[in-house]
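J.: Predicted model and sequence below, questions to follow.
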Amino acid sequence: MWKGLFAGILRRARNGSRPTQPIRNSGGSQRQNDLVWSVALVCLLPQLGWPQQASQNIRIQVQYDQPEGKIPPVWNYFGYDEPNYTYAASGKKLLAELAAANSAPIYVRTHNLLTSGDGSASLKWGSTNVYSEDASGHPIYTWSILDRIFDTFHATGVKPLVEIGFMPKALSTHPEPYRHDFPRGKVNDIYTGWAYPPNDYQKWSELVFQFVRHLCERYGDAEVRTWLWEVWNEPDIGYWQGTPEEYFKLYDFSVDAVLRALPGARIGGPDTTGPGNPKAAEFLRAFLEHCSHQKNYANGKVGSHLDFISFHPKGSPTWQADHVQMGISRQLAAIEQGFKIVASFARWRQTPIILGESDPEGCAACSAENNPQNLYRNGPLYGAYTLEVLNRILALASAERVNVLGVVTWAFEFEDQPYFAGFRELATNGVDKPVLNAFRMLGLLGNERVKVTSSGSLGTEQIVRQGVREQPDISAIAARKDRNLDILVWNYHDDDVPFPSAPIELVVTGLPAGVKRDLLEHFRVDSDHSDAFTAWKQMGSPQSPSENQYRQLQSSGGLQLLDSPEWVEIEQGSIHLSFALPRQGLSLVHLAW
């Protein structure tokens with residue numbers, strides 16, 4: 001009985017709704033009601049099957065004088081299906097925030113840059129109408145919608161990772177039906193006329209050439225050479241309604257056209273799905289073999305130009321009747337397998353790798369309404385999961401001796417959708433979600449990693465094989481720059497259930513001689529800090545917040561300090577700090593002198 005009652009309360013708390021029979025009290029305020037329900041939750045905890053014993057102290061030691069090389073900002077990559085959201089007010093705001101969050105360039109990848117249509121957007125859909133034909137079959141190029149997208153990128157200071165796709169209606173071998181009606185249909189029903197091979201590869205090649213040349217004329221060759229280019233998206237599944245060989249042909253003609261228009265452009269592929277799937281793994285191998293030894297369809301030579309290799313690892317969260325359980329092991333296993341495949345080719349072993357979509361699951365535009373496993377997206381868990389995966393990606397890359405260039409988080413914002421509907425997004429209606437603050441924390445890291453050990457850290461191999469299902473993983477990254485040191489700590493577990501905070505003992509040693517004190521700033525993401533979702537629920541989950549409520553939500557969505565900044569004394573090059581870190585919480589400790 002107690003578990004069932006708790007599960008109902010937990011579900012209501014997560015979706016922001018009040019209990020069916022609200023508890024009455026003398027004050028009658030929502031805050032008091034929330035307090036009563038919180039007490040009820042605490043009283044119920046001992047009845048649950050989850051372990052609730054006090055957490056053991058976790059010792060994290062940072063050795064400032066033990067550098068471990070540069071830390072590449074691989075997290076500075078984002079993407080989304082709907083390119084027309086780019087120039088919406090909330091889209092512009094979010095792109096500017098991403099650019100401001102890190103001194104390194106932000107790269108943005110979008111689908112549908114060549115898709116036919118009037119520029120209207122909907123879930124998993126967008127269009128630019130750059131290509132059509134007259135009655136005689138001659139091409140007509142129209143750049144106005146495309147220019148709005150790329151002008152916004154340019155104005156907000158982000159760099160495009162230009163995805164060459166999808167197929168214009170006039171070039172499709174199967175043009176009807178063309179536009180899908182998701183979410184009315186199933187996800188697998190979206191692969192309509194835009195997903196088919198071209199009816200004329202020479203016309204396709206000329207379209208790609210004109211596309212690249214137009215962008216060079218508008219923004220200059222020097223700027224466009226700083227961009228990245230790729231061919232299509234996930235050609236091993238329904239996004240490509242052709243054979244693997246037809247994709248290889250599309251790749252060769254596309255690369256040839258890009259390099260004719262812009263010699264020196266960096267271009268790659270194949271952006272297949274996660275290589276943990278045998279079919280995806282075989283496609284990736286076949287593509288690399290084609291680029292190595294097979295005849296190039298465009299120029300007749302042997303092999304194809306390839307500046308980076310891309311694939312899309314995804315996790316698999318599930319709904320466990322009363323909570324979300326993340327599937328991190330599936331995502332990491334796909335990453336490991338992809339790295340092994342790349343490393344098996346002598347020619348491509350050191351070629352940069354871009355994880356073109358690296359996410360906890362596969363459908364950003366599927367809300368939590370009918371997919372409760374997606375509830376993780378609203379709260380701090382999404383950020384903790386992201387840090388956990390990024391840390392393990394770096395470890396796997398080191399183990400396999402491959403070169404990771406970027407990790408694309410496929411999340412942006414959705415227009416005309418309810419607040420906190422559980423889409424995979426960084427912001428909702430212009431209000432930043434907690435996961436965006438995880439990226440703000442990453443952006444504050446220095447550029448040189450230093451040695452860190454944690455008594456609460458699990459082994460990478462264990463997490464790849466088993467996930468994080470027993471003890472949590474409490475790990476950290478530390479990096480230095482100039483007269484600063486940043487330590488990013490997270491407390492991650494696959495199961496999103498209540499648990500006591502972990503007591504953290506943070507010890508920093510090897511600080512420069514002569515420095516007597518540091519200025520300490522401690523940033524935090526948890527349900528009480530940097531979390532607009534909690535603030536929204538405390539307001540009563542308004543779908544039409546007042547002007548004052550909206551300002552409060554925007555303020556709650558920013559990165560917040562745990563305490564006021566303070567000076568801390570250094571003794572013999574060391575600092576000792578203690579704090580409690582909630583489950584799924586993130587702490588960034590910033591020291592400056």
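T.: Here it is on my side, so go on.
J.: low-confidence ranges in the protein?
T.: 1-55 (pLDDT under 70).
J.: how about 50 then?
T.: 1-54 (pLDDT under 50).
J.: what's the single longest strand in it?
T.: strand 58-70 (DSSP state E).
J.: With just CA atoms, put it into PDB.
T.: Extracted C-alpha coordinates of strand 58-70, given in PDB (Å, rounded to 0.1, in the frame of the first residue of the first chain):
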ATOM      1  CA  ILE A  58      33.300  10.500  -0.400                       C
ATOM      2  CA  ARG A  59      36.900  11.700  -0.600                       C
ATOM      3  CA  ILE A  60      37.800  13.600  -3.700                       C
ATOM      4  CA  GLN A  61      41.400  14.600  -4.100                       C
ATOM      5  CA  VAL A  62      42.600  17.100  -6.700                       C
ATOM      6  CA  GLN A  63      46.300  17.500  -7.400                       C
ATOM      7  CA  TYR A  64      46.800  20.900  -9.000                       C
ATOM      8  CA  ASP A  65      50.400  20.300  -9.700                       C
ATOM      9  CA  GLN A  66      49.700  17.000 -11.600                       C
ATOM     10  CA  PRO A  67      48.600  18.100 -15.100                       C
ATOM     11  CA  GLU A  68      47.100  15.500 -17.400                       C
ATOM     12  CA  GLY A  69      47.000  17.300 -20.700                       C
ATOM     13  CA  LYS A  70      44.500  19.500 -22.500                       C
END
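J.: List of residues touching it?
T.: Applying CB atoms under 8 Å, 6 or more residues apart in numbering, the contact partners of strand 58-70 are 447-456, 474, 476, 478, 480, 485, 487, 489, 502-512, 573. C-betas here are computed from N, CA, C, even on glycine.
J.: again, only this time at 7 Å
T.: 447-456, 474, 476, 478, 480, 485, 487, 489, 502-511 (CB atoms under 7 Å, 6 or more residues apart in numbering).
J.: Then stretch 265-276?
T.: By CB under 7 Å, 6+ apart, stretch 265-276 touches 225, 228-237, 247, 251, 255, 258-259, 280-281, 283-284, 287, 305-314, 330, 333-334, 337-338, 341, 354, 356.
J.: Pro512 - how many residues pack around it?
T.: Residues lying near Pro512 (other CB atoms under 10 Å) number 11.
J.: any idea how far Ser574 is from it?
T.: As judged by CB to CB, to the nearest Å, Pro512 and Ser574 stand 12 Å apart.
J.: go on, Ser116?
T.: In terms of CB to CB, Ser116 sits 63 Å off from Ser574.
J.: Looking at those two, which has the bigger crowd around it?
T.: Ser116 (23 against 13).
J.: can you tell me which residues contact the more buried one?
T.: Going by CB under 7 Å, 6+ apart, the list of residues near Ser116 reads Ser127, Asn129, Pro168, Lys169, Tyr178.
J.: Of those, which pair is most distant in space?
T.: Asn129 and Tyr178 (11.7 Å; CB to CB).
J.: Quick check: can you name the pairing partners of the longest strand of the chain and their directions?
T.: strand 448-454 (antiparallel), strand 502-509 (parallel) (DSSP bridges).
J.: Following element in sequence after the last one, please.
T.: Sequence order places strand 517-525 as the next helix or strand after strand 502-509, per DSSP states H and E.
J.: which secondary structure elements does that next one contact?
T.: The contact analysis (3 or more CB pairs under 7 Å, 6 or more residues apart in numbering; DSSP states H and E) places strand 517-525 against helix 434-443, strand 560-561, strand 566-569, strand 586-592.
J.: which parts of the helix or strand where Glu217 lies are buried?
T.: Glu217 is part of helix 201-219 when elements are defined by DSSP H and E. Residues of helix 201-219 classed as buried: 201, 203-216, 219 (neighbour count, 16 or more other CB atoms under 10 Å).
J.: what does stretch 365-384 rub up against?
T.: 14, 81, 123-124, 317-319, 324, 326, 360, 420-424, 433-435, 437-438, 490-492, 496, 525-527, 531, 533, 584-586.
J.: Throw together a PyMOL command that grabs the buried residues out of those residues.
T.: Buried residues among the contacts of stretch 365-384 (16+ other CB under 10 Å), as a PyMOL selection:
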select buried, resi 14+81+123+124+317+324+326+360+420+421+422+423+424+433+434+435+437+438+490+491+492+496+525+526+527+531+533+584+585+586
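J.: Mind checking which of the contacts of stretch 365-384 land in helices?
T.: Counted as lying in helices by DSSP state H, out of those, are Arg14, Pro434, Val435, Asn437, Ala438, Phe533.
J.: Isn't the last one up against Phe420?
T.: Think Phe533. Yes - using CB atoms under 7 Å, Phe533 makes contact with Phe420 at a distance of 5.6 Å.
J.: Show me which residues of the helix or strand encompassing Tyr385 are buried.
T.: Using DSSP H and E, Tyr385 sits in helix 381-400. Going by neighbour count (16+ other CB under 10 Å), the buried part of helix 381-400 is 381-397, 400.
J.: If we ignore the residues flanking it in sequence, what's nearest Tyr239?
T.: In this structure, Tyr239 finds its nearest non-sequential neighbour in Asn233, 5.1 Å apart by CB to CB, 6 or more residues apart in numbering.
J.: what separates the one you found from Ala535, distance-wise?
T.: Taken as CB to CB, the span from Asn233 to Ala535 is 36 Å.
J.: more crowded one of those two?
T.: Each of Asn233 and Ala535 has its neighbours counted (other CB under 10 Å); Asn233 has more, 27 against 17.
J.: tell me the secondary structure for that one?
T.: Asn233 carries the three-state label coil when classified by DSSP: H, G, I helix; E, B strand; the rest coil.
J.: Next, the contact list for it, please.
T.: His111, Glu163, Gly165, Tyr239, Asp271.
J.: Narrow the residues you listed to just the buried residues.
T.: For the contacts of Asn233, buried by 16+ other CB under 10 Å: His111, Glu163, Gly165, Tyr239, Asp271.
J.: Need the three-state assignment for the fourth one.
T.: Meaning Tyr239. coil.
J.: And stretch 155-167, how far out from the chain middle?
T.: The chain centre lies 16 Å from the centre of stretch 155-167; the measure is CA atoms, centre = their mean, to the nearest Å.
J.: and that stretch, how far apart are its ends?
T.: Taking CA to CA, to the nearest Å, stretch 155-167 runs 28 Å from one end to the other.
J.: need the strands for the stretch 301-450 of the chain, in chain order.
T.: Under the criterion DSSP state E, counting those that start in this stretch, the stretch 301-450 of the chain contains strands at 308-312, 318-319, 324-325, 353-355, 404-409, 427-428, 431-432, 448-454.
J.: Leu288 against Arg349, yeah?
T.: No - judged on CB under 7 Å, Leu288 makes no contact with Arg349 at a distance of 10.6 Å.
J.: higher neighbour count, the two?
T.: The neighbour comparison of Leu288 against Arg349 (other CB under 10 Å) goes to Leu288, with 21 against 13.
J.: Please save the CA atoms from stretch 513-529 in PDB.
T.: The C-alpha trace of stretch 513-529 is given here as PDB (Å, rounded to 0.1, in the frame of the first residue of the first chain):
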ATOM      1  CA  ALA A 513      53.700  28.400  -3.300                       C
ATOM      2  CA  GLY A 514      53.100  31.800  -2.000                       C
ATOM      3  CA  VAL A 515      49.400  31.800  -2.400                       C
ATOM      4  CA  LYS A 516      47.800  32.200   1.000                       C
ATOM      5  CA  ARG A 517      44.100  32.300   0.200                       C
ATOM      6  CA  ASP A 518      41.600  31.600  -2.700                       C
ATOM      7  CA  LEU A 519      38.300  33.100  -3.600                       C
ATOM      8  CA  LEU A 520      35.800  30.300  -3.500                       C
ATOM      9  CA  GLU A 521      32.600  30.200  -5.600                       C
ATOM     10  CA  HIS A 522      30.500  27.100  -5.400                       C
ATOM     11  CA  PHE A 523      27.900  26.700  -8.100                       C
ATOM     12  CA  ARG A 524      25.200  24.000  -7.800                       C
ATOM     13  CA  VAL A 525      22.500  22.300  -9.900                       C
ATOM     14  CA  ASP A 526      20.000  20.300  -7.900                       C
ATOM     15  CA  SER A 527      16.200  20.400  -7.200                       C
ATOM     16  CA  ASP A 528      16.800  23.600  -5.100                       C
ATOM     17  CA  HIS A 529      19.300  25.400  -7.300                       C
END
